[in-house]
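Student: sequence and predicted structure are below.
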Amino acid sequence: MKQSVFKILENEKIAADVFKMTLSGDISEITAPGQFVNIKLNGFYLRRPISVCDAQDGVLTLIYKTVGGGTEKMSALGAGAELDLLTGLGNGFDTDRAGDTPLLIGGGVGAPPMYLLCKRLVKQGKSVTAVLGFNSKKDVFLVDELRALGARVLVATADGSLGERGFVTDILPRDYSYFYACGPEPMLKAVYGKTKAEGELSFEERMGCGFGACMGCTCRTRYGNKRICRDGPVLKKSEVIFDD
């Protein structure tokens, strides 16, 4: 973990209530796709955890949704503004387990970490399929960017306004070597029940400190309690316990 000041290069709206922010700064602690940063905002006691979409050549890309006062304030920040970030948080996805035909599953703002993951897997010569789920066409993002990396991309929208009508679990391909998923817990629970191969689930959780000190994001696993911020946010399917 490292605390650094980043400068905003761009902060633009890319979908309904969804913004893409690029920042320049020290990204040396960001080593695995699926990690997150914790952002300090003036006037707010708790930092905001945001997953890493991309990190390359000193530029950090974040995609976030405005869901409260903190992210609303973030969306109003312009180029040149500076932010205090904690970087290198979380364990990230394990790309060594991918096999030849990995499946990436992203729901809503669970899609951003799939970009860096896809980039890494394609570079390793993997044949990547990405399944993205959104509520409506107005909420869709990252489809073209993932295709540009070389991934096969399938899209589901709840209202059928783009791609297939339904949820990500309705359009999962039959064959894949390993899966990676990130999204809201109901989606992860559905993916858990529908997938047959082993895989990894990245959990979205409210956090206090973001680095394991406060124990506020603890969850039960088959191997005891784990902290989503420090022991996760990525957990293996085989260790996850979903409450009925």
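Tutor: Thanks, I have the structure now. Just so we're clear, the structure is a prediction, and the values are computed from it rather than from any experiment.

Student: what about this structure, any weak spots by pLDDT?
Tutor: For the chain, applying pLDDT under 70 flags the ranges 205-218, 223-224, 229-230, 232, 244.

Student: which one's the longest strand in the protein?
Tutor: strand 2-15 (DSSP state E).

Student: buried ones in stretch 188-208?
Tutor: If you call a residue buried by 16 or more other Cβ atoms under 10 Å, then stretch 188-208 has these buried ones: 188-192, 195, 199-205, 207. From N, CA and C alone the C-beta is placed, and that goes for glycine too.

Student: Met21 is in contact with Phe6, correct?
Tutor: No - Phe6 lies out of contact with Met21 (Cβ atoms under 8 Å); the separation is 9.5 Å.

Student: now do the SS call for Asn91.
Tutor: coil (DSSP: H, G, I helix; E, B strand; the rest coil).

Student: coming back round to it: parallel or antiparallel, which strands does the following helix or strand past the longest strand of the chain pair with?
Tutor: Using DSSP states H and E, the helix or strand that directly follows strand 2-15 along the chain is strand 18-24. Here strand 18-24 has these sheet partners by DSSP bridges: strand 2-15 (antiparallel), strand 59-65 (antiparallel).

Student: distance from the chain centre to strand 18-24, please.
Tutor: 14 Å (Cα atoms, centre = their mean, to the nearest Å).

Student: point out the other helices and strands that the helix or strand that comes right after it packs with.
Tutor: Later in the chain than strand 18-24, the nearest helix or strand by DSSP H and E is strand 36-40. Under the contact definition 3 or more Cβ pairs under 8 Å, 6 or more residues apart in numbering; DSSP states H and E, strand 36-40 sits against strand 48-56, strand 82-89.

Student: okay, now the sheet partners of the longest one, with direction.
Tutor: Right, the one you point to is strand 48-56. Applying DSSP bridges, strand 48-56 is found paired with strand 36-40 (antiparallel), strand 59-65 (antiparallel).

Student: which residues sit against it?
Tutor: 20, 27, 30, 33-39, 41, 60-64, 70-71, 74, 89, 109-110, 112-113, 115-116, 119, 182, 202, 207, 210, 229 (Cβ atoms under 8 Å, 6 or more residues apart in numbering).

Student: any idea where the helices of this structure begin and end?
Tutor: In the chain, the helices defined using DSSP state H lie at 69-75, 113-123, 143-149, 185-194.

Student: nothing else from me, thank you.
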